[in-house]
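1. What follows is a protein structure lacking sequence information:
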């Protein structure tokens, strides 16, 4: 294979190779021939986004609906994100700036990130007002820092711009300090909701779409252009440069230094998450959720959602779990599936018991040990598992058994469902605690009894 394949194909190298092969031409001639053939110098184009999530478009539509609803009601809608960390000092900043000829700004030859001070810009962009806020952190980019920035902006501007607001919508990426998997993010937002009395709804952009976040091209891009080619010699220079940023559409920006400490490695326990006043939305509850300013369940019913679920009689709890939005089929369809599978499941169980005993049954059916789950419960638990609604340990809590029992039931029932042509699609809802299930169902014992 020709070595030319693995080298930069400059006109000079192409001319040299052609000359070696007996075609004497200059680099300028090669350049002219390339242009005639439609070639030009081009850089790589970042256009390949990789695999797209199946609910990408649906999430964007849902986010837009939430934003429209908040704006129509006069409630604020903000876009948030962390900007790239910057070095403070005489360090090169990308871009060019007009200077007297031959008098460029002198900066250090090498960057020493370990020795330089760092600045962490966290931005908040108000979509309706076209205003920006940037907190310049000096410690770590954590969830606590992100929420503290939102708090500072609300206290300085938000509460004055929206004196009658009862809700706040935040649009954010799916990762980083404000990621949908970040427990600290939800915990600190719950504290902010309690302090401000606002119901705080968060809608995350689907995976791989951070470039579509409004703050990127309505705030951060203008800040980057404003300080291009200019070294950020101090935090004050950075703040003043950000504050001077504007755009043709009338963008105004405020910036403040946040010298607070935000340590990393703080863990949030399952119990702490379980007590959060959070409601996960019916559509993709992992991406869309609301933090309430108070514990609604405790205030209205005197018990937590977990206690409310535990207090329901067994048959009522099963009825609630048969909700079509959970199972992906009507109650009648589910009942028909259970009726069709029950005889086969009984035969299957007898075969397993006979193999375990090594001989035929010595007592009549029903006189021995009872199954830990009824046939109907085994089918229902398997359906919920195949719909990917909840992990095994949560299904075990809902059915008052262990995760191992649920796993065994799913292993036995799944082939029977496939044999009967029952194919289930994954749900967009995701539950991690019993409280999530209760909030999703939005029901109580009285409603369930009336439905029965």
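-> Here it is on my side, so go on. Small disclaimer: the values here were computed from a predicted structure and weren't measured.

2. going forward, measure contacts between C-alpha atoms and count neighbours the same way
-> Noted.

3. ok, and the closest non-adjacent residue to residue 141?
-> Closest residue to residue 141 apart from its sequence neighbours, by C-alpha to C-alpha, 6 or more residues apart in numbering: residue 177 at 6.4 Å.

4. What's the local residue count around the residue lying closest to residue 432 once chain neighbours are set aside?
-> Distances taken as C-alpha to C-alpha, 6+ apart place residue 390 nearest to residue 432, at 6.2 Å, with adjacent residues excluded. Residue 390 has 20 neighbours, counted by other C-alpha atoms under 10 Å.

5. now the one 4 residues further on
-> Neighbours of residue 394 under the rule other C-alpha under 10 Å: 20.

6. Can you work out which other helices and strands pack against the longest strand belonging to the chain?
-> Using DSSP state E to assign secondary structure, the strand with the most residues in the chain is strand 117-126. The contact analysis (3 or more C-alpha pairs under 8 Å, 6 or more residues apart in numbering; DSSP states H and E) places strand 117-126 against strand 77-82, strand 86-88, strand 131-137, helix 143-153, helix 214-215.

7. Select, out of the ones you listed, the one closest to residue 336.
-> The minimum distance between residue 336 and the helices and strands packed on strand 117-126 falls on strand 77-82, with 46.3 Å, by C-alpha to C-alpha.

8. What pairs with that closest one, parallel or antiparallel?
-> Using DSSP bridges, strand 77-82 pairs in its sheet with strand 117-126 (antiparallel), strand 167-172 (parallel).

9. With mean neighbour count added, can I get those in CSV?
-> CSV is the format used below for these (neighbours: other C-alpha atoms under 10 Å):
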stretch, mean neighbour count
strand 117-126, 24
strand 167-172, 24
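
10. check contacts around residue 90.
-> 106-108, 231-233 (C-alpha atoms under 8 Å, 6 or more residues apart in numbering).

11. Could I have the buried ones of the residues you listed as ChimeraX selection syntax?
-> Selection of buried members from the contacts of residue 90 for ChimeraX, criterion 16 or more other C-alpha atoms under 10 Å:
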select :231,232
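
12. you'd agree the residue nearest to residue 432 is up against residue 428?
-> No: in this structure, residue 390 is not within contact of residue 428 by C-alpha atoms under 8 Å, at 11.1 Å.

13. starting at the chain centroid, how far to the longest strand of the chain?
-> In this view, strand 117-126 has its centroid 20 Å away from the chain centroid, taken as C-alpha atoms, centre = their mean, to the nearest Å.

14. quick check: angle from that strand to strand 131-137?
-> If you take axes from the mean of the first three to the mean of the last three C-alpha atoms, to 10 degrees, strand 117-126 sits at 160 degrees to strand 131-137.

15. how many neighbours does residue 412 have?
-> Neighbour tally, residue 412, other C-alpha under 10 Å: 16.

16. Please apply the same query to the one 5 residues further on.
-> Here the neighbour count serves as a burial measure; for residue 417 (other C-alpha under 10 Å) it reads 19.

17. My reading is that residue 97 is in a helix; is that accurate?
-> No: Residue 97 is assigned coil when assessed by DSSP: H, G, I helix; E, B strand; the rest coil, not a helix.

18. All further residue positions should be reported with the first residue as 211.
-> Let's use 211 as the start, then, which means that last one is residue 307.

19. Excluding chain neighbours, what is closest to it?
-> That would be residue 439: by C-alpha to C-alpha, 6+ apart, it lies 5.2 Å from residue 307.

20. tell me the contacts of the residue lying closest to residue 437 once chain neighbours are set aside?
-> Leaving out its chain neighbours, the residue that sits closest to residue 437 by C-alpha to C-alpha, 6+ apart is residue 451, at 6.6 Å. Residues near residue 451 by C-alpha under 8 Å, 6+ apart: 433, 436-437.

21. Now do residue 451 against residue 433, distance only.
-> As judged by C-alpha to C-alpha, to the nearest Å, residue 451 and residue 433 stand 8 Å apart.

22. that older thread, with neighbour count added, can I get the contacts of residue 451 in CSV?
-> Shown next, in CSV, are the contacts of residue 451 (neighbours: other C-alpha under 10 Å):
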residue, neighbour count
433, 21
436, 17
437, 21
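
23. Looking at these, spot the one nearest residue 273.
-> Among the contacts of residue 451, and counting by C-alpha to C-alpha, the member closest to residue 273 is residue 433, at 25.8 Å.

24. close enough to count as contact, the closest one and residue 450?
-> No: checked against C-alpha under 8 Å, the pair residue 433 and residue 450 is beyond contact range at 11.0 Å.

25. a strand runs through residue 471, doesn't it?
-> No: read with three-state DSSP, residue 471 is coil and lies in no strand.

26. pLDDT value on it, please?
-> pLDDT, residue 471: 93.

27. residues contacting it?
-> 348-350.

28. and if we set it to 10 Å?
-> 347-350, 354-355 (C-alpha atoms under 10 Å, 6 or more residues apart in numbering).

29. same check, this time on residue 417
-> So residue 417 contacts 261-263, 265-266, 383-385 (C-alpha under 10 Å, 6+ apart).

30. okay, the strands paired with strand 287-292 in CSV with distance to residue 403 and mean pLDDT next?
-> Converted to CSV, those look like this (distance: least, C-alpha to C-alpha, whole Å; pLDDT from 0 to 100):
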stretch, distance to residue 403, mean pLDDT
strand 327-336, 17, 94
strand 377-382, 9, 97
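
31. Can you convert these into CSV and add a column each for distance to residue 595?
-> What follows is the strands paired with strand 287-292, written out as CSV (distance: least, C-alpha to C-alpha, whole Å):
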stretch, distance to residue 595
strand 327-336, 39
strand 377-382, 29
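
32. Nearest to residue 465, out of the ones you listed?
-> strand 327-336 (9.0 Å).

33. For the stretch 411-560 of the chain, which segments are assigned as helices?
-> Per DSSP state H, counting those that start in this stretch, the stretch 411-560 of the chain carries helices over the ranges 424-425, 431-436, 445-453, 480-484, 506-511, 515-521, 524-531, 534-537, 541-567.

34. any idea how far residue 587 is from residue 641?
-> Taking C-alpha to C-alpha, one finds residue 587 at 19 Å from residue 641.

35. thinking again about what came up before, next, the angle from the longest strand of the chain to helix 445-453.
-> Using the same axes, to 10 degrees: strand 327-336 against helix 445-453 is 20 degrees.
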